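> sequence unknown, structure follows:
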């Protein structure tokens, strides 16, 4: 499921901005379908222009309530009518996700160990440490079992004296849920940490559910501001050249 809210504070109407020969949201939808990993792919949106763009080109979309607090809340509305066991949430502004990364995320639900996993997500190592201090890059700290301990826009952990080597991880906002966990999420009130950081995944931690994190080398482009769209155009051209 791809939550697709029309409004955006930093980049208004970004999902309908042209990228190559089609809008951002249709790249995300088409590339997700092309992985062949899913029984069904749906865009969940609050605006007719996005709905018409997807359905008008043979895709599947659902209109949702406009007042959802988060992407998870938005897809949960549609998930209630679904008989899916596992639901994967792909952000509408991430048009270039890799099949391999999504497969790795789905795999955490397999086997005996996977039976205890309620929610999974992706992360990657920071290669440019100057970005660790940037609040637009969300950081995650994990335990020895690769389960999330904390997410923050601040650098975590804080290097008090700089003598200990540490790998910083950026959280990639792609989630996979058991349906029951996703629906439970919507029954909890937004937590204090979630409201402070504006990070919905903190609601799970505040309610005792750790996220199983999967390390990936994924290096796509999340379109948050107009400058990101220019980077995406260049990325797209390089894909065609290859």
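Ah, there it is. Being a predicted model, the structure only gives us computed values, none of them experimental.
> Using the record's domain definitions, break the chain down for me.
Structural domains annotated on the chain: 1-94, 98-219, as defined by automatic domain parsing.
> Buried deepest among these, which one?
Mean neighbours per residue, mean count of other Cβ atoms under 10 Å, is largest over the domains of the chain for domain 1-94, with a mean of 18. For the C-beta atoms, the positions are set from N, CA and C on the backbone; glycine is no exception.
> Any chance of TSV for the domains of the chain, columns distance to residue 233?
Output for those, formatted as TSV (distance: least, Cβ to Cβ, whole Å):
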stretch	distance to residue 233
domain 1-94	6
domain 98-219	16
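> With distance to residue 238 and mean pLDDT as added columns, please give the ones you listed in JSON lines.
Formatted as JSON lines, the domains of the chain follow (distance: least, Cβ to Cβ, whole Å; pLDDT from 0 to 100):
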{"stretch": "domain 1-94", "distance to residue 238": "12", "mean pLDDT": "90"}
{"stretch": "domain 98-219", "distance to residue 238": "12", "mean pLDDT": "94"}
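> of those, which approaches residue 229 most closely?
Ranking the domains of the chain by distance to residue 229, with Cβ to Cβ as the measure, places domain 1-94 first at 5.8 Å.
> Which stretches in this protein count as helices?
Using DSSP state H, the helices of the chain run over 24-34, 48-55, 71-79, 99-107, 111-114, 179-185, 192-197, 202-206, 226-241.
> Of all those helices, which one comes closest to residue 172?
Closest to residue 172 of the helices of the chain, according to Cβ to Cβ: helix 99-107, at 7.8 Å.
> Export the helices of the chain to a markdown table and append columns for distance to residue 160.
Formatted as a markdown table, those follow (distance: least, Cβ to Cβ, whole Å):
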| stretch | distance to residue 160 |
| --- | --- |
| helix 24-34 | 41 |
| helix 48-55 | 46 |
| helix 71-79 | 34 |
| helix 99-107 | 33 |
| helix 111-114 | 35 |
| helix 179-185 | 35 |
| helix 192-197 | 22 |
| helix 202-206 | 24 |
| helix 226-241 | 34 |
